[in-house]
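In: I'll drop the sequence and a predicted model, then ask my questions.
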Amino acid sequence: MRIYLKGLRIYATIPRIKDANKLAKYYTETNKELGIDVTLDKISAKEFIKTAIVNFNSMKEFHFGIYTKNHKFIGLFSIIQPNYSKRICEIGYWIAKKYREKKYGEDAIKIITDFAFKTLKMKKIFAFVNTNNKASIRLLKSAQFKKTHTSLKSATAFEKTGTHISTYVLHLAIYSDTKV
């Protein structure tokens, strides 16, 4: 099954195997930039995409490639650990450095929150952000996410890398109030 989520400047769909090289390159560059010593090679990127397809179809996790309107792969966003009984999930996202500051992030965050609230029927969305990543913090705040002290299980993965993180949350009620 292939789903296309459309924004003003981008669209999102399950990443394609043919984009494994760019996925590996951009993911590794982004992590290095954030001081995270986690890399991804082409073979691992292909395996990630194959697993993403299986997890998507089983509704375990949702990984979307972010593509420009002319079909260039520029990043990834994910909905991870959806808890359908509590109606909460976490999101993650990144955009390759050369595609930043072109409003693609704003489109991506809108698409991901719309999908989580409208399609998956979530009531809360959590996001973790490196405290040094000011652009990501601005992006979350512009999408009405609020800083919280809630700590979820996956936060420990970031903490183990020595990364200082903050948690942000967006509630369905706030999201609903901002939509006209």
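Out: Great, that's in hand. Numbers count the residues shown, from 1 in each chain.

In: what about the longest helix in the chain?
Out: helix 42-57 (DSSP state H).

In: report the buried residues of that one.
Out: Applying a neighbour-count criterion of 16 or more other CB atoms under 10 Å, one finds 45-46, 48-49, 52-53, 55-56 buried in helix 42-57. For the C-beta atoms, the positions are set from N, CA and C on the backbone; glycine is no exception.

In: likewise stretch 17-26?
Out: 19-20, 22-26.

In: before we move on, what about stretch 114-129?
Out: The neighbour-count check on stretch 114-129 (16+ other CB under 10 Å) flags 115-117, 122, 124-129 as buried.

In: compute the first-to-last residue distance for that stretch.
Out: 20 Å (CA to CA, to the nearest Å).

In: give me the distance from it to the chain's centre.
Out: 11 Å (CA atoms, centre = their mean, to the nearest Å).

In: contact partners for Lys124?
Out: Residues in contact with Lys124, defined by CB atoms under 8 Å, 6 or more residues apart in numbering, are 87-89, 169-172.

In: tell me the spacing between it and Phe77.
Out: For Lys124, the distance to Phe77 equals 17 Å [CB to CB, to the nearest Å].

In: checking Ile112 next. Helix, strand or coil?
Out: helix (DSSP: H, G, I helix; E, B strand; the rest coil).

In: that one - nearest residue in space that isn't next to it in sequence?
Out: For Ile112, ignoring the flanking residues on the chain, the nearest one in space by CB to CB, 6 or more residues apart in numbering is Phe77 at 5.0 Å.

In: then the helix or strand containing that neighbour to PDB, C-alphas only?
Out: Using DSSP states H and E, Phe77 sits in strand 73-83. Provided in PDB are the C-alpha atoms of strand 73-83 (Å, rounded to 0.1, in the frame of the first residue of the first chain):
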ATOM      1  CA  PHE A  73      14.200  12.900  -1.600                       C
ATOM      2  CA  ILE A  74      15.100  15.500   1.100                       C
ATOM      3  CA  GLY A  75      14.400  13.900   4.500                       C
ATOM      4  CA  LEU A  76      12.300  11.700   6.600                       C
ATOM      5  CA  PHE A  77       9.600  12.000   9.200                       C
ATOM      6  CA  SER A  78       8.300   9.200  11.400                       C
ATOM      7  CA  ILE A  79       5.500   8.400  13.700                       C
ATOM      8  CA  ILE A  80       6.900   6.000  16.200                       C
ATOM      9  CA  GLN A  81       5.500   4.100  19.200                       C
ATOM     10  CA  PRO A  82       1.900   4.800  18.500                       C
ATOM     11  CA  ASN A  83      -0.200   3.800  21.500                       C
END
